[in-house]
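Peer 1: With the sequence up front, the predicted model follows.
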Amino acid sequence: MIKGWIGDVADRTSGSSISSSPLSLGFILLSLVVIYTASTFPEEGTLGPGFFPMLISVGIIVFAAIDLLNETETELEMTELDFRSPAVVLGLLVAYVFLMPITGFLVGSMLFLPVFLYYSNIRSKPTLIALSIGLPILLFYIFGRIFLVRLPEGIIPFSRLLPRLPLGVMF
Amino acid sequence: MVFEYIVQGFVNVMDPFVIGLMILGISLGILMGSIPGMTATMTIAVLLSFTFTMEPAHGMMLLLGIYGGAVYAGSIPAILIRTPGTPSAAATIFDGYPLSQKGEAGRAIRVSTVSSFVGGVISVFALMFFSPVIANAALRFRSPEFFALAVFGLTIIASVSGDSLTKGMISGLLGMLVASIGIDPITGFHRFTFDIPELLTGVEFIAVMIGLFGIAEGLRKYSEGIDENQEKVDQDISGLLPSLSDIRAIAPVSTASGVLGALVGAIPGAGGDIAAFITYNEATRWLKNATPSFGDGNIRGVAAAESGNNASTGGALIPTLTLGIPGDSVSAILIGALLVHDVNPGPGLYKDEPVLLYTIFVGFLIIYVFILLFGLLGANYWAKIINIPKQFLWPIILLLCVIGAIALRGNLFDAWVMLGAGLLGYVMRLRGYPLAPMVLGLILAPIAEVNLRRSLALSGGSLDIFLGSPLALLILLLSVLTILLPTARALRGTA
């Protein structure tokens, strides 16, 4: 039984199985970097600040190595998945957050929400317009005015033009 | 004393604002739970930011409303279109869908509603009864026991995290690694902060959760196709109450499944999906000669699964509130919600915040009464939610993820952390890594590290301190078994 298993593992340690597990390899490399960095931490007390990160990293290396050796059919069927759409969506999200110091939350959301909606195949103009204008304003009032979260205002603080809520009357 | 707290909790809950929050939470939970692909975990992660400025008890009522509502409503699409609304409704399909095919969808939904109520109520009573006992015992815990508990929490989630133990462990350990960023809790040394001031207090783990459960799920949905055609619901659900004969048929199985579901839910790491599979399986063993047989549309199958998964909700709160060890991924997020308000879940909570705790207990009980009412009165409408086009929900969820991360501390850094976690979570899910262990790792790592280092500081570096505590030793042994048993089974399977 054990012999068979070892043979099986040996078969799977060929180049193809390793290239199919770039994540496990990545985690091993990350752990090595963490161990190296943590080894430069000062030794204080019984266990220094580097002990636990090193312990965890060793754990990751052990399990990632087992994962590399045991790589079987746990991977999902990836051929049917479309990778362009999530890349575009993530790219849009990065641009949205990146530009927020310039556009501010309110204007930024009004600019990006219609793009997200259009990309999600929403073609009805009334829906696109109502959601893209209404939702950012609603969220701005909830978070900016009621919860008093400091939302980015942008270079031109358009959000200050919105009327104040009569909170004194409400509460 | 306890009676006073219950009364105080009841008074707190009977506030129109709090009732409004519960109803809002239940409605949102039912809405999202009815839509396949939108889980309770995601809904709570995405909407958590709305509770940051609320009183802890008020925020918890909104979140628990979503939790109960979503776990209940997951059964509706499971019965009608054979697709669970949330993972915990997967076992409801076995008998729910055959009933629907026979034209008895309304009957199945009514049975599911009543059983969800029964399971939920039993679990809240279990929570009320067991929590003080466990918290009281845990008050005597010292560092070795807490370290052992944290290790146990991590190993058990890995062992129940889907197909791969190793991938679950890697996910959990990665979460622990992320948690080590920031000021070292013992020496004050800056670990992996790269001179970024926002990292001094560590990575905001709520930002990571929003990324893992909101953004990663969203990206996955876009991969699969945002507007895929889903079966439409065309049945009309008429009638309000289940028949007396149905109630008589499901009463014993709902009650037993409620007790078992609450116990399973209380095991750290075992959520509603596992609870429902276990209670369904047990029901098929108890009632071997049931007619119609299980799988052919027996209402007792629906009752067992639905009572079981709803009972896991209160069960999951037991270790969450008494030990600070999450019972499932939703309760991990609830820990985050409490920590935002400087409320530390754990044995001390009973001493420090008894009124908050009993408000949560009484509130959760009333939430299940509302779920019963809403479920029976509105079944026909909830069923129609499944037909709503949902492409427009995903852009809104993405926007809510971003604002949720910004609302944490009012800066954009957490939004970047959230997006990074989202990308990592998406890639990991594609490769078959479960994400729930990562969240547990994030929460459990500080408990494990501080208590390990304190224990060893007490013993002068000797591991004997763990041998000196029979309880810590027992828990550590259990942890080793939890990892070794599935591994041995997997090895036997491959050999």
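Peer 2: Yes, it's here.
Peer 1: Near chain A, which residues of the stretch 251-400 of chain B are found?
Peer 2: Counting by Cβ under 8 Å from any Cβ of the partner chain, the stretch 251-400 of chain B comes close to chain A at B:391, B:392, B:394, B:395, B:396, B:398, B:399, B:400. For glycine as for every other residue, the C-beta is placed from the backbone atoms N, C-alpha and C.
Peer 1: Report the distance from stretch A:57-73 to the chain centre.
Peer 2: Between the centre of stretch A:57-73 and the centre of its chain there are 23 Å (Cα atoms, centre = their mean, to the nearest Å).
Peer 1: Pull it out as PDB, backbone CA atoms only.
Peer 2: Extracted C-alpha coordinates of stretch A:57-73, given in PDB (Å, rounded to 0.1, in the frame of the first residue of the first chain):
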ATOM      1  CA  SER A  57       5.800  29.700   7.800                       C
ATOM      2  CA  VAL A  58       7.200  26.300   8.500                       C
ATOM      3  CA  GLY A  59       3.700  25.000   8.700                       C
ATOM      4  CA  ILE A  60       2.800  26.500   5.300                       C
ATOM      5  CA  ILE A  61       5.900  25.000   3.700                       C
ATOM      6  CA  VAL A  62       5.000  21.500   5.100                       C
ATOM      7  CA  PHE A  63       1.400  21.700   3.900                       C
ATOM      8  CA  ALA A  64       2.200  23.300   0.600                       C
ATOM      9  CA  ALA A  65       4.800  20.600  -0.100                       C
ATOM     10  CA  ILE A  66       2.200  17.900   0.700                       C
ATOM     11  CA  ASP A  67      -0.200  19.700  -1.600                       C
ATOM     12  CA  LEU A  68       2.400  19.700  -4.400                       C
ATOM     13  CA  LEU A  69       3.000  16.000  -3.900                       C
ATOM     14  CA  ASN A  70      -0.700  15.100  -3.700                       C
ATOM     15  CA  GLU A  71      -2.000  17.300  -6.500                       C
ATOM     16  CA  THR A  72      -4.800  15.300  -7.900                       C
ATOM     17  CA  GLU A  73      -8.200  16.300  -9.100                       C
END
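Peer 1: Is that stretch positioned near chain B?
Peer 2: Yes - counting by Cβ under 8 Å from any Cβ, chain B has neighbours in stretch A:57-73: A:57, A:59, A:60, A:63, A:64, A:66, A:67, A:70, A:72.
Peer 1: my read: the first one touches residue B:177, true?
Peer 2: What that stands for is residue A:57. Yes - here residue A:57 reaches residue B:177: they are 6.9 Å apart, a contact under Cβ atoms under 8 Å.
Peer 1: what ranges do the helices span in chain A?
Peer 2: Applying DSSP state H to chain A gives helices spanning A:2-12, A:15-19, A:22-39, A:51-70, A:84-119, A:125-139, A:167-170.
Peer 1: repeat for the stretch 201-350 of chain B
Peer 2: For the stretch 201-350 of chain B, the helices defined by DSSP state H, counting those that start in this stretch occupy B:205-210, B:216-224, B:244-266, B:272-286, B:299-323, B:329-340, B:349-352.
Peer 1: Run through the stretch 351-495 of chain B and note the low-pLDDT ranges.
Peer 2: In the predicted model of the stretch 351-495 of chain B, residues B:486-495 satisfy pLDDT under 70.
Peer 1: For the residue lying closest to residue B:101 once chain neighbours are set aside, grab phi and psi.
Peer 2: Spatially, and ignoring its direct neighbours in sequence, residue B:101 is nearest to residue B:297 (7.5 Å; Cβ to Cβ, 6 or more residues apart in numbering or on different chains). Backbone torsions of residue B:297, given as degrees, to the nearest 10, read phi 100, psi 50.
Peer 1: How many residues are close by residue B:297?
Peer 2: 21 (other Cβ atoms under 10 Å in any protein chain shown).
Peer 1: Return the residues in contact with it.
Peer 2: Applying Cβ atoms under 8 Å, 6 or more residues apart in numbering or on different chains, we find residue B:297 in contact with B:95, B:98, B:99, B:101, B:102, B:104, B:108.
Peer 1: are any of those residues buried, and which?
Peer 2: B:95, B:98, B:99, B:104, B:108 (16 or more other Cβ atoms under 10 Å in any protein chain shown).
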